[in-house]
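K.L.:
generate a structure from the sequence data that follows.
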Amino acid sequence: MISLESFAHSEVKQSIYKNGIGMGSVISIVISWSKNKSVLYAILHGILSWLYVIYYLINREDKEKNY
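P.N.:
So this is what the prediction gives:
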């Protein structure tokens, strides 16, 4: 029982970690493409992933904010 629980717990952690990184990259690429229409910027922002998403949320223009 103990080994089964620890295996399942570690598998869930790995799945969340992988999906979180993938999701951040996708969000940053979509934001970058819609704002800049540049493949190079999209690749760069995809590498930076969540850092770019947070930067975008802080620095977006008033017309882009949806409350």
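K.L.:
helix or strand: which one has V30?
P.N.:
helix 2-36 (DSSP states H and E).
K.L.:
what residues sit buried inside the helix or strand just after that helix?
P.N.:
For helix 2-36, the succeeding helix or strand toward the C-terminus, using DSSP H and E, is helix 39-48. By neighbour count on 16 or more other Cβ atoms under 10 Å, the buried set for helix 39-48 is 42, 45-46, 48. Using the backbone N, CA and C atoms, a C-beta is placed for each residue, glycine as well.
K.L.:
can you check stretch 52-66 too?
P.N.:
52-53, 56.
K.L.:
got those as CSV, with pLDDT, distance to V26 and secondary structure columns?
P.N.:
Output for the buried residues of stretch 52-66, formatted as CSV (pLDDT from 0 to 100; distance: Cβ to Cβ, whole Å; DSSP: H, G, I helix; E, B strand; the rest coil):
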residue, pLDDT, distance to V26, secondary structure
Y52, 96, 12, helix
V53, 94, 10, helix
Y56, 94, 14, helix
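K.L.:
what is the nearest of these to K65?
P.N.:
Nearest to K65, judged by Cβ to Cβ, of the buried residues of stretch 52-66 is Y56 at 11.2 Å.
K.L.:
need the nearest residue in space to that closest one, chain neighbours excluded.
P.N.:
I31 (5.3 Å; Cβ to Cβ, 6 or more residues apart in numbering).
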